[in-house]
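1. Generate a structure from the sequence data that follows.
(chains A and B)
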Amino acid sequence: MSALSGITIGAELPTETFQLDRAMLSNYAKASGDLNPIHLDEAFAKNVGLPNVIAHGMLTMALAGKALNTWCNKEFKVVEIFARFTKPVVVEATSITSLEVSGKIGEITDGKIRVDLTVISNEQKVLGMTRAFVVKV
Amino acid sequence: MVAPDLVGRKFLGTQTQRVNQLDLTAFATSIGENPDTQISQLPTFPIRYTLNEAERIAPELGLDWSRVVHGDQRFIHHRFLKIDEEVRADSEIEAVKSMAGNEILTLRSDLFVGDELVTSTWSTLVFRGQQ
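-> Numbering: from 1, shown residues only, chains lettered A, B, ... in the order given. Below is the predicted model of the structure:
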């Protein structure tokens, strides 16, 4: 059953945790067509002033979408999604970066549910104003 | 600096892209989803068809794509794309501003299948100034 069935305003959705590594960044780069070297090449990233390679903002947003997909469980669908990219998600060569996506119901109007998402990595919010509207399939 | 009078300038998509299963599967599996995930379960998948349009447009505005950082992103799905549809992105500059040496562009790209608007997207792109 979908976590959204019969949900009420203010309810919280179960936190989804994802693991990012360099292989995921490389696969996402190819799949999305965003081959910017700041997501792939450590020397390049450092040369432009970043601490290390960073994940695509759109990859982080796609993972927020994945959490939504889990909550929707084919009974609901996402008709709108927004995110602001506020903090870079650094991905080291030899360690895994965790990303936690949680959600809270902000509003329900005419069957349209607004889910306010919080996306955290290394104890920092990495996306801002992240929200989605979902409806029954 | 980007001229403010660029607001409202439109860029009609010059070619269509075919939505195909290979691209969909690659996108789904890259984020750890099942290979049989449907487009309706991947709300950010249409970036596959809009980002390359933004990349094409940037140099026409004198902007250096290698200095771009994504500021924010919105998708509104009027319906979901389907496999084998030919999709075209028509784009319009909705806002430009200069801030702290950066050029900030809000680009709307609408994905059409024929005359039907399927997905509307908005990308705020920050082009970092030369330090």
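
2. quick one: the helices in chain B?
-> B:21-30, B:47-57 (DSSP state H).

3. Please give the number of neighbouring residues around B:E86.
-> For B:E86, the count of nearby residues is 12 (other C-beta atoms under 10 Å in any protein chain shown). In short, each C-beta sits where N, CA and C put it, glycine included.

4. rewinding a little: adding mean pLDDT, write the helices of chain B out as TSV.
-> Below are those laid out as TSV (pLDDT from 0 to 100):
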stretch	mean pLDDT
helix B:21-30	97
helix B:47-57	91
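
5. Go through these and name the closest to chain A.
-> Among those, the nearest to chain A by C-beta to the nearest C-beta is helix B:21-30 (3.9 Å).

6. Would you mind pulling up the elements that the closest one packs against?
-> helix A:22-32 (3 or more C-beta pairs under 8 Å, 6 or more residues apart in numbering or on different chains; DSSP states H and E).

7. just to revisit the earlier point, return the most buried member of the helices of chain B.
-> Most buried of the helices of chain B by mean neighbour count (mean count of other C-beta atoms under 10 Å in any protein chain shown) is helix B:47-57; its value is a mean of 21.

8. Run the contact check for it versus chain A.
-> Yes - interface with chain A: helix B:47-57 contributes B:I47, B:R48, B:L51, B:N52 (C-beta under 8 Å from any C-beta of the partner chain).

9. Just the CA atoms of the helix or strand bottoming out on mean pLDDT in chain A, as CSV, please.
-> Lowest mean confidence among the helices and strands of chain A (mean pLDDT, DSSP states H and E): helix A:42-47, at a mean of 94. Taking C-alpha atoms only, helix A:42-47 is exported to CSV below (Å, rounded to 0.1, in the frame of the first residue of the first chain):
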residue,chain,number,x,y,z
GLU,A,42,38.6,15.3,-9.3
ALA,A,43,41.5,17.4,-10.6
PHE,A,44,39.1,19.5,-12.7
ALA,A,45,36.7,20.0,-9.7
LYS,A,46,39.5,21.1,-7.4
ASN,A,47,41.0,23.3,-10.0
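
10. So which elements touch it?
-> Judged by 3+ C-beta pairs under 8 Å, 6+ apart, helix A:42-47 is in contact with no other helix or strand.

11. So which bits of it are buried?
-> Residues A:E42, A:A45 are the ones in helix A:42-47 that count as buried (16 or more other C-beta atoms under 10 Å in any protein chain shown).

12. which residue is nearest the middle of chain A?
-> A:A64 (2.7 Å; C-alpha atoms, centre = their mean).

13. So it lies in a helix, does it not?
-> Yes - counting by DSSP: H, G, I helix; E, B strand; the rest coil, A:A64 is part of a helix.

14. if I read this right, it contacts A:V119, doesn't it?
-> Yes - applying C-beta atoms under 8 Å, one finds A:A64 in contact with A:V119, separated by 5.5 Å.
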